[in-house]
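[1] Sequence first, predicted coordinates after that:
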Amino acid sequence: MSAVRPQHAPLEQFDVVDDCLQIGGMPLTRLAERVGSTPFYAYDRAKLTERVALLRQHLPPEIHLHYAMKANPMPAVVQHMAGLVDGLDIASGGEQYVALDTPMDPGLVSFAGPGKSDLDLSRAIAAGVVINMESAAEMERIAAIGVRLAITPKVAIRVNPDFELKSSGMKMGGGPKQFGIDAEMVPAVLGRLGELALAFQGFHIYSGSQNLKVAALQEAHEKTFALAIRLAQAAPSPVLTLNIGGGFGIPYFPGEERLDLATVGANLARLLPEVKVALPQAQIVIELGRFLVAEAGIYVSRVIERKVSRGETYLVTDGGLHHHLSASGNFGQVIRKNYPVAIGNRMRGVARETVSVVGPLCTPLDLLADRMELAHADVGDLVVVFQSGAYGLSASPTAFLSHPVAREVLV
């Protein structure tokens with residue numbers, strides 16, 4: 001007997017009416033007419049709001065929630081998120097322009113990332129953005145620019161911890177890293193910081209991302225708090241902000257289950273009293289991107305041809321890896337696995353078939369679904385890739401082979 005193939009986690013965030021997916025309160029077919037062309041990304045603002053509310057429900061009220069814009073920097077999405085969260089985290093000067101167009105106080109915007117240019121730094125200092133310093137050399141440049149501008153820069157130290165977030169999809173700390181200052185070097189950097197005209201805000205400790213294991217997150221939170229308390233002893237002034245990163249994952253692939261937020265929140269509630277005693281002035285920040293926006297977004301392309309090759313059926317669409325590199329399996333996957341995919345205007349479908357969904361690019365890498373069971377689709381039907389609200393268009397090689405860029409809409 002063959003083994004039962006694992007299934008994707010249930011996708012219950014969107015309604016289905018008359019076998020058609022509903023996005024932003026309207027049928028997908030109508031939304032496609034409104035957009036005017038395929039492919040496109042659609043983000044449901046009500047689902048974004050619901051996700052923030054879910055986090056508020058399960059996390060301790062003392063936790064400040066920041067949106068990491070790199071997950072989805074579409075200006076309309078950022079504007080919406082800015083009205084829901086407590087701060088924004090940016091990773092480039094371009095993202096800073098978008099962040100500063102929102103009502104968010106610049107002092108609640110933080111800028112992380114290696115290799116910031118002097119122009120990046122001077123613009124951030126002039127805006128009053130908090131800079132998460134990635135090295136001692138960057139700290140010296142920040143101080144010099146602050147003197148030149150006659151502004152005291154607001155800075156935090158990004159710490160490369162001596163541990164990693166186990167079972168994370170992408171490890172951002174532990175071992176040698178281009179990110180942050182090695183934990184063992186931080187006390188000396190703090191000593192030098194106290195000699196410079198810099199306004200110390202606190203620490204940013206981000207050990208990993210895309211994690212679905214409660215035990216791993218609990219361990220990382222415990223170690224992060226312990227590290228911050230230890231490093232604070234060498235700080236030139238009280239810690240005002242402690243960003244413990246994020247790492248909350250979402251289910252993308254067959255066999256993955258949703259993160260148990262209630263248990264994660266309960267553990268944080270257990271840890272916070274001790275942290276508040278040791279760091280009484282510190283605001284505790286959790287920085288999330290993917291977890292806030294990924295499940296609120298879909299990528300939509302249209303079937304332009306059905307093709308059978310040596311017994312296998314292909315749905316050839318007008319979208320592909322140039323718009324959605326992640327779904328093609330070429331953005332961090334070691335072994336390619338399918339994102340959840342459906343025929344959006346035939347969600348259940350009476351007839352089913354096993355097909356592969358490919359795009360129009362002249363490369364075998366342009367694969368959106370590999371031998372998946374889907375409703376029977378005809379030319380003109382709409383293929384939907386779920387879990388597409390994060391690391392979609394902005395993480396894709398849109399200039400590859402010079403096809404048109406996909407549209408993005410917030411509905």
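    That came in fine, so what should we check first?
[2] who's in contact with residue 40?
    Taking Cβ atoms under 8 Å, 6 or more residues apart in numbering, we find residue 40 in contact with 32, 299, 300, 406, 407, 408, 409. Placement of C-beta: from N, CA and C, glycine included.
[3] Tell me which of the residues you listed fall in helices.
    With helices taken from DSSP state H, the overlap with the contacts of residue 40 comprises residue 32.
[4] Which one of the contacts of residue 40 is nearest to residue 377?
    residue 300 (12.9 Å; Cβ to Cβ).
[5] where does the stretch 201-350 of the chain dip in pLDDT?
    Scanning the stretch 201-350 of the chain for pLDDT under 70 picks out nothing.
[6] Go again with 80.
    207-209, 332, 334 (pLDDT under 80).
[7] And the strands in it, which stretches?
    208-209, 241-243, 283-288, 297-309, 312-317, 341-343 (DSSP state E, counting those that start in this stretch).
[8] quick one, which of those is packed in tightest?
    By mean neighbour count, with neighbours taken as mean count of other Cβ atoms under 10 Å, strand 241-243 ranks first of these at a mean of 25.
[9] List the residues that contact residue 70.
    Here residue 70 is in contact with 89, 90, 91, 95, 289, 394 (criterion: Cβ under 8 Å, 6+ apart).
[10] So the third one versus residue 114, what's the distance?
    Taken as Cβ to Cβ, to the nearest Å, the spacing of residue 91 relative to residue 114 amounts to 10 Å.
[11] Which of the two has more residues huddled nearby?
    Taking other Cβ atoms under 10 Å, residue 91 and residue 114 do not tie; residue 91 has more neighbours (19 against 13).
[12] List phi and psi for that one.
    Main-chain torsions, residue 91, degrees, to the nearest 10: phi -130, psi 10.
[13] That one and residue 153: what is the separation?
    Distance of residue 91 to residue 153, given as Cβ to Cβ: 18 Å.
[14] cool, and residue 232?
    20 Å.
[15] Among the two, which residue is more densely surrounded?
    Neighbours were counted for residue 232 and for residue 153 using other Cβ under 10 Å; residue 153 has more, 26 against 18.
[16] still on that earlier bit, with respect to residue 283, which of the contacts of residue 70 is nearest?
    Residue 283 lies nearest to residue 89 out of the contacts of residue 70, by Cβ to Cβ, at 13.8 Å.
[17] what kind of secondary structure is that closest one in?
    Here residue 89 is strand, with the state taken from DSSP: H, G, I helix; E, B strand; the rest coil.
[18] Does it touch residue 66 like I think?
    Yes: the pair residue 89 / residue 66 is scored as a contact, 5.1 Å apart, by Cβ atoms under 8 Å.
[19] Settle it for me: which of those two has more neighbours?
    residue 89 (30 against 25).
[20] check contacts around the more buried one.
    Residue 89 is in contact with 66, 67, 68, 69, 70, 109, 110, 111, 112, 243, 287, 289, counting by Cβ under 8 Å, 6+ apart.
[21] low pLDDT regions in the stretch 1-150 of the chain?
    Ranges of the stretch 1-150 of the chain meeting pLDDT under 80: 1-7, 9-11.
[22] Now do the strands in it.
    Along the stretch 1-150 of the chain, the segments classed as strands by DSSP E, counting those that start in this stretch run 16-17, 20-23, 26-27, 40-43, 63-68, 87-90, 109-111, 130-133.
[23] Other residues contacting the fifth one?
    If I follow you right, that is strand 63-68. Outside strand 63-68, the residues that touch it by Cβ under 8 Å, 6+ apart are 52, 55-56, 59, 78, 81-82, 84-89, 91, 108, 110, 243, 246, 268, 283-289, 292-293.
[24] hey, where'd the helices end up in this protein?
    28-35, 45-58, 75-82, 93-100, 118-127, 136-149, 186-193, 214-232, 261-278, 290-293, 325-328.
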